[in-house]
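*Asks:* how would this look folded up:
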Amino acid sequence: MTEEHSYDSVILIEWTGFDDARYAIVEADTAVRVSITSSGFAAMGRDKHLRKVRYQIFATTDTTVYLSDCLKDMPSQLGLSGVVDITSRQEVLSLRLAPRTSRAYRPQLNDLQLSFSEPYGLAGDPIIEPDTVWLYGSEESLAKVMSVETQPAQLTNIGTTETFTLPLVPVWEQFTDIHPSATEVSVTLPTAVYSEKVFTLPVNIVGTDGDQIRIYPEQATVTLWVGDLTSHTLASDMITLAVDYSSSTTSSDRMTIRATNFPSFVRIKKIEPAEVSYIVIKKR
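*Replies:* As a prediction, the model looks like this:
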(Lines give C-alpha, C1' and ligand atoms only; values in the text may rest on other atoms or scores of the structure.)
Protein backbone atom coordinates (compact mmCIF):
# COMPACT_ATOMS: atom_id res chain seq x y z
CA MET A 1 0.00 0.00 0.00
CA THR A 2 1.32 3.50 -0.91
CA GLU A 3 2.14 5.56 2.16
CA GLU A 4 0.14 8.76 2.66
CA HIS A 5 1.84 12.05 3.40
CA SER A 6 0.54 15.42 4.57
CA TYR A 7 2.27 18.61 3.59
CA ASP A 8 1.51 22.34 3.47
CA SER A 9 1.06 24.15 0.20
CA VAL A 10 -0.41 27.33 -1.27
CA ILE A 11 -3.34 27.37 -3.72
CA LEU A 12 -3.47 30.46 -5.98
CA ILE A 13 -6.93 31.99 -6.50
CA GLU A 14 -8.29 33.62 -9.68
CA TRP A 15 -11.61 35.48 -9.64
CA THR A 16 -13.48 35.30 -12.96
CA GLY A 17 -16.87 36.35 -14.31
CA PHE A 18 -16.89 40.08 -13.53
CA ASP A 19 -16.25 42.75 -16.16
CA ASP A 20 -12.75 43.94 -15.32
CA ALA A 21 -13.19 46.87 -17.73
CA ARG A 22 -16.05 48.23 -15.62
CA TYR A 23 -14.92 47.11 -12.18
CA ALA A 24 -11.63 47.28 -10.33
CA ILE A 25 -10.64 44.85 -7.60
CA VAL A 26 -10.46 46.72 -4.32
CA GLU A 27 -9.72 43.71 -2.12
CA ALA A 28 -9.47 40.01 -2.88
CA ASP A 29 -8.06 36.77 -1.54
CA THR A 30 -5.58 35.65 -4.18
CA ALA A 31 -4.04 32.69 -2.34
CA VAL A 32 -4.90 30.31 0.48
CA ARG A 33 -2.61 28.10 2.55
CA VAL A 34 -3.81 24.50 2.77
CA SER A 35 -2.71 21.14 4.09
CA ILE A 36 -2.87 18.35 1.51
CA THR A 37 -2.91 14.65 2.31
CA SER A 38 -2.10 12.38 -0.64
CA SER A 39 -0.16 9.31 -1.68
CA GLY A 40 3.59 9.56 -1.67
CA PHE A 41 3.98 9.08 -5.43
CA ALA A 42 1.27 11.65 -6.25
CA ALA A 43 2.87 14.17 -3.93
CA MET A 44 6.06 14.29 -6.00
CA GLY A 45 6.21 17.48 -8.01
CA ARG A 46 2.92 18.74 -6.54
CA ASP A 47 4.22 22.18 -5.46
CA LYS A 48 5.70 22.84 -8.92
CA HIS A 49 2.33 22.05 -10.51
CA LEU A 50 0.44 24.30 -8.09
CA ARG A 51 2.65 27.26 -8.97
CA LYS A 52 1.38 27.03 -12.56
CA VAL A 53 -2.37 26.67 -12.00
CA ARG A 54 -5.04 28.73 -10.27
CA TYR A 55 -8.28 27.77 -8.62
CA GLN A 56 -10.99 29.79 -10.35
CA ILE A 57 -14.00 31.25 -8.56
CA PHE A 58 -16.83 32.74 -10.63
CA ALA A 59 -18.17 36.06 -9.30
CA THR A 60 -19.99 38.95 -10.99
CA THR A 61 -20.17 41.21 -7.93
CA ASP A 62 -18.88 41.42 -4.35
CA THR A 63 -18.65 37.81 -3.20
CA THR A 64 -17.82 35.77 -0.12
CA VAL A 65 -17.59 31.97 -0.38
CA TYR A 66 -17.01 29.32 2.27
CA LEU A 67 -13.63 27.72 1.77
CA SER A 68 -15.00 24.34 2.85
CA ASP A 69 -17.14 24.29 -0.32
CA CYS A 70 -14.13 25.18 -2.48
CA LEU A 71 -11.91 22.48 -0.96
CA LYS A 72 -14.25 19.76 -2.23
CA ASP A 73 -13.81 20.99 -5.81
CA MET A 74 -10.11 21.84 -5.78
CA PRO A 75 -8.59 18.41 -6.63
CA SER A 76 -10.66 17.97 -9.80
CA GLN A 77 -10.37 21.58 -11.00
CA LEU A 78 -6.62 21.75 -10.38
CA GLY A 79 -5.89 18.27 -11.71
CA LEU A 80 -4.58 16.89 -8.40
CA SER A 81 -4.64 13.09 -8.45
CA GLY A 82 -4.29 10.88 -5.41
CA VAL A 83 -5.50 13.55 -2.96
CA VAL A 84 -7.08 12.06 0.13
CA ASP A 85 -7.93 15.29 1.93
CA ILE A 86 -7.41 19.07 1.78
CA THR A 87 -7.91 21.26 4.83
CA SER A 88 -7.31 24.88 5.72
CA ARG A 89 -7.57 27.06 8.79
CA GLN A 90 -9.04 29.86 6.69
CA GLU A 91 -12.84 29.88 6.60
CA VAL A 92 -13.86 32.18 3.72
CA LEU A 93 -12.58 33.72 0.49
CA SER A 94 -13.74 37.23 -0.40
CA LEU A 95 -13.82 39.59 -3.37
CA ARG A 96 -14.69 43.29 -3.19
CA LEU A 97 -15.17 45.36 -6.36
CA ALA A 98 -15.58 49.04 -7.12
CA PRO A 99 -16.97 50.55 -10.34
CA ARG A 100 -14.47 52.45 -12.45
CA THR A 101 -15.20 55.98 -13.71
CA SER A 102 -16.52 55.70 -17.26
CA ARG A 103 -16.75 57.88 -20.34
CA ALA A 104 -18.58 57.17 -23.60
CA TYR A 105 -17.03 57.70 -27.03
CA ARG A 106 -18.54 57.37 -30.48
CA PRO A 107 -15.97 55.47 -32.57
CA GLN A 108 -14.82 57.46 -35.59
CA LEU A 109 -13.67 56.05 -38.92
CA ASN A 110 -10.09 57.19 -39.47
CA ASP A 111 -8.49 57.18 -42.93
CA LEU A 112 -10.83 54.51 -44.30
CA GLN A 113 -10.19 54.11 -48.04
CA LEU A 114 -12.89 52.36 -50.06
CA SER A 115 -13.01 51.08 -53.62
CA PHE A 116 -15.99 49.34 -55.16
CA SER A 117 -16.30 46.84 -57.96
CA GLU A 118 -18.57 48.15 -60.71
CA PRO A 119 -21.46 48.72 -60.76
CA TYR A 120 -21.61 48.99 -56.94
CA GLY A 121 -21.20 52.06 -54.79
CA LEU A 122 -21.82 53.27 -51.27
CA ALA A 123 -25.54 53.79 -50.63
CA GLY A 124 -25.60 55.55 -47.28
CA ASP A 125 -23.52 56.18 -44.20
CA PRO A 126 -21.42 53.30 -42.82
CA ILE A 127 -23.02 51.59 -39.81
CA ILE A 128 -20.66 51.17 -36.85
CA GLU A 129 -21.35 48.61 -34.10
CA PRO A 130 -21.10 49.08 -31.26
CA ASP A 131 -21.95 52.73 -31.80
CA THR A 132 -20.54 53.58 -28.36
CA VAL A 133 -17.25 52.51 -26.83
CA TRP A 134 -16.83 52.96 -23.08
CA LEU A 135 -13.50 53.66 -21.47
CA TYR A 136 -13.18 52.93 -17.75
CA GLY A 137 -10.49 54.44 -15.59
CA SER A 138 -9.60 57.44 -13.48
CA GLU A 139 -11.12 60.83 -14.25
CA GLU A 140 -7.64 62.26 -14.71
CA SER A 141 -6.69 59.74 -17.40
CA LEU A 142 -10.07 59.79 -19.16
CA ALA A 143 -9.88 63.57 -19.49
CA LYS A 144 -6.81 63.13 -21.71
CA VAL A 145 -8.55 60.87 -24.24
CA MET A 146 -10.24 63.10 -26.81
CA SER A 147 -11.55 60.48 -29.23
CA VAL A 148 -11.67 56.80 -30.13
CA GLU A 149 -10.89 55.99 -33.77
CA THR A 150 -10.43 52.98 -36.00
CA GLN A 151 -6.99 52.19 -37.33
CA PRO A 152 -6.43 53.23 -40.98
CA ALA A 153 -7.70 50.61 -43.41
CA GLN A 154 -8.08 50.04 -47.13
CA LEU A 155 -11.06 47.98 -48.30
CA THR A 156 -11.13 47.01 -51.96
CA ASN A 157 -13.45 45.33 -54.48
CA ILE A 158 -16.52 45.92 -52.35
CA GLY A 159 -19.66 44.55 -53.99
CA THR A 160 -22.88 43.76 -52.18
CA THR A 161 -23.41 45.11 -48.67
CA GLU A 162 -20.61 43.77 -46.48
CA THR A 163 -19.52 43.98 -42.84
CA PHE A 164 -15.86 44.38 -41.88
CA THR A 165 -14.11 44.21 -38.52
CA LEU A 166 -11.77 47.12 -37.84
CA PRO A 167 -9.45 47.37 -34.82
CA LEU A 168 -9.48 50.55 -32.77
CA VAL A 169 -6.41 52.68 -32.19
CA PRO A 170 -5.42 51.50 -28.66
CA VAL A 171 -5.25 54.91 -27.01
CA TRP A 172 -5.94 53.23 -23.66
CA GLU A 173 -2.51 51.60 -23.74
CA GLN A 174 -1.02 54.99 -22.90
CA PHE A 175 -2.64 54.75 -19.46
CA THR A 176 -2.22 51.90 -16.99
CA ASP A 177 -5.64 52.48 -15.41
CA ILE A 178 -7.88 52.66 -18.53
CA HIS A 179 -9.77 49.62 -19.82
CA PRO A 180 -11.97 49.63 -22.99
CA SER A 181 -15.37 47.99 -23.41
CA ALA A 182 -14.30 47.00 -26.94
CA THR A 183 -11.03 46.87 -28.87
CA GLU A 184 -12.62 46.62 -32.33
CA VAL A 185 -15.83 47.56 -34.14
CA SER A 186 -17.77 46.11 -37.05
CA VAL A 187 -18.47 48.44 -39.96
CA THR A 188 -21.29 47.67 -42.37
CA LEU A 189 -21.05 49.37 -45.75
CA PRO A 190 -24.48 49.55 -47.43
CA THR A 191 -24.14 49.34 -51.19
CA ALA A 192 -26.38 49.70 -54.20
CA VAL A 193 -26.12 49.12 -57.93
CA TYR A 194 -25.01 52.36 -59.60
CA SER A 195 -25.64 53.51 -63.14
CA GLU A 196 -24.16 56.33 -65.19
CA LYS A 197 -25.75 59.74 -65.59
CA VAL A 198 -24.31 62.34 -67.96
CA PHE A 199 -24.94 66.11 -67.86
CA THR A 200 -23.54 68.96 -69.91
CA LEU A 201 -23.23 71.96 -67.61
CA PRO A 202 -21.88 75.53 -67.68
CA VAL A 203 -18.52 76.07 -66.01
CA ASN A 204 -18.62 78.87 -63.43
CA ILE A 205 -15.64 81.11 -62.65
CA VAL A 206 -14.85 81.92 -59.04
CA GLY A 207 -12.05 83.86 -57.37
CA THR A 208 -11.76 86.56 -60.02
CA ASP A 209 -11.59 89.40 -57.45
CA GLY A 210 -13.14 91.77 -60.00
CA ASP A 211 -11.06 90.74 -63.02
CA GLN A 212 -12.93 89.95 -66.26
CA ILE A 213 -12.04 86.41 -67.38
CA ARG A 214 -13.07 84.46 -70.45
CA ILE A 215 -12.79 80.65 -70.54
CA TYR A 216 -12.87 78.14 -73.38
CA PRO A 217 -14.91 76.00 -73.52
CA GLU A 218 -17.64 77.44 -71.36
CA GLN A 219 -19.33 74.08 -70.83
CA ALA A 220 -18.19 70.63 -69.73
CA THR A 221 -19.68 67.16 -69.57
CA VAL A 222 -19.76 65.44 -66.18
CA THR A 223 -20.32 61.70 -65.86
CA LEU A 224 -21.63 60.48 -62.52
CA TRP A 225 -22.39 57.20 -60.79
CA VAL A 226 -25.76 57.27 -59.09
CA GLY A 227 -27.59 54.53 -57.23
CA ASP A 228 -30.60 53.09 -59.00
CA LEU A 229 -32.76 53.85 -55.96
CA THR A 230 -31.95 57.57 -56.09
CA SER A 231 -31.32 58.19 -59.78
CA HIS A 232 -34.85 59.52 -60.34
CA THR A 233 -34.22 62.34 -57.83
CA LEU A 234 -31.09 63.64 -59.56
CA ALA A 235 -31.38 66.82 -61.65
CA SER A 236 -28.76 68.88 -63.47
CA ASP A 237 -29.31 71.94 -61.26
CA MET A 238 -28.07 69.90 -58.28
CA ILE A 239 -24.51 69.89 -59.71
CA THR A 240 -22.12 72.83 -60.07
CA LEU A 241 -18.90 72.89 -62.11
CA ALA A 242 -16.37 75.65 -61.53
CA VAL A 243 -12.79 76.83 -62.02
CA ASP A 244 -10.94 78.88 -59.41
CA TYR A 245 -9.05 81.79 -60.95
CA SER A 246 -7.41 82.66 -57.64
CA SER A 247 -5.50 79.35 -57.73
CA SER A 248 -4.22 79.85 -61.31
CA THR A 249 -0.56 80.60 -62.02
CA THR A 250 1.05 83.05 -64.43
CA SER A 251 3.00 80.19 -66.02
CA SER A 252 -0.13 78.50 -67.34
CA ASP A 253 -3.23 79.57 -69.25
CA ARG A 254 -5.26 76.58 -68.09
CA MET A 255 -7.44 75.87 -65.06
CA THR A 256 -8.81 72.56 -63.75
CA ILE A 257 -12.58 72.05 -63.70
CA ARG A 258 -13.95 70.75 -60.42
CA ALA A 259 -17.39 69.70 -59.23
CA THR A 260 -17.90 72.10 -56.33
CA ASN A 261 -21.43 71.09 -55.45
CA PHE A 262 -23.21 67.77 -55.91
CA PRO A 263 -25.47 65.45 -53.85
CA SER A 264 -23.83 63.07 -51.40
CA PHE A 265 -25.51 60.09 -53.07
CA VAL A 266 -23.55 60.46 -56.32
CA ARG A 267 -19.93 59.80 -57.25
CA ILE A 268 -18.08 61.86 -59.84
CA LYS A 269 -16.61 59.52 -62.45
CA LYS A 270 -15.08 62.04 -64.84
CA ILE A 271 -15.32 65.59 -66.20
CA GLU A 272 -14.57 66.26 -69.87
CA PRO A 273 -12.65 68.28 -70.69
CA ALA A 274 -10.69 68.21 -67.42
CA GLU A 275 -9.36 71.75 -68.00
CA VAL A 276 -10.31 75.01 -69.67
CA SER A 277 -8.04 77.66 -71.17
CA TYR A 278 -8.60 81.28 -70.21
CA ILE A 279 -7.66 84.83 -71.10
CA VAL A 280 -7.85 87.97 -68.99
CA ILE A 281 -10.02 90.52 -70.75
CA LYS A 282 -9.74 93.28 -68.18
CA LYS A 283 -7.92 93.69 -64.87
CA ARG A 284 -9.72 95.22 -61.92
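
*Asks:* how near is the closest residue to residue 155 other than its chain neighbours to residue 180?
*Replies:* Of all residues not flanking residue 155 in the chain, residue 114 sits nearest, at 5.4 Å (C-beta to C-beta, 6 or more residues apart in numbering). All C-beta atoms are positioned from the backbone trio N, CA, C, and that covers glycine. As for residue 114, its distance to residue 180 is 26 Å (criterion: C-beta to C-beta, to the nearest Å).

*Asks:* more neighbours, these two?
*Replies:* The residue with more neighbours, out of residue 114 and residue 180, is residue 180; 19 against 15, by other C-beta atoms under 10 Å.

*Asks:* before we move on, back to that, name the element the residue nearest to residue 155 belongs to?
*Replies:* strand 112-116 (DSSP states H and E).

*Asks:* direction included, what does that strand pair up with?
*Replies:* strand 153-158 (parallel) (DSSP bridges).

*Asks:* pull out the buried positions in the strand it pairs with.
*Replies:* For strand 153-158, the neighbour count (16 or more other C-beta atoms under 10 Å) marks 153, 158 as buried.

*Asks:* same deal with stretch 247-263?
*Replies:* In stretch 247-263, counting by 16+ other C-beta under 10 Å, buried: 248, 255, 257-259, 262.

*Asks:* just the terminal-to-terminal distance for it.
*Replies:* End-to-end distance for stretch 247-263, by C-alpha to C-alpha, to the nearest Å: 25 Å.

*Asks:* next one: that stretch to chain centre, how far?
*Replies:* 38 Å (C-alpha atoms, centre = their mean, to the nearest Å).

*Asks:* pLDDT of stretch 49-59, averaged?
*Replies:* If you average the pLDDT over stretch 49-59, you get 88.

*Asks:* mind listing what's buried along that stretch?
*Replies:* 50, 54-55, 57, 59.

*Asks:* can you list the low-confidence ranges for the chain?
*Replies:* 1-2, 40-47, 229, 250-251 (pLDDT under 70).

*Asks:* show the residue spans covered by the helices in it.
*Replies:* Along the chain, counting by DSSP state H, helices occupy 40-43, 46-50, 67-78, 139-142.
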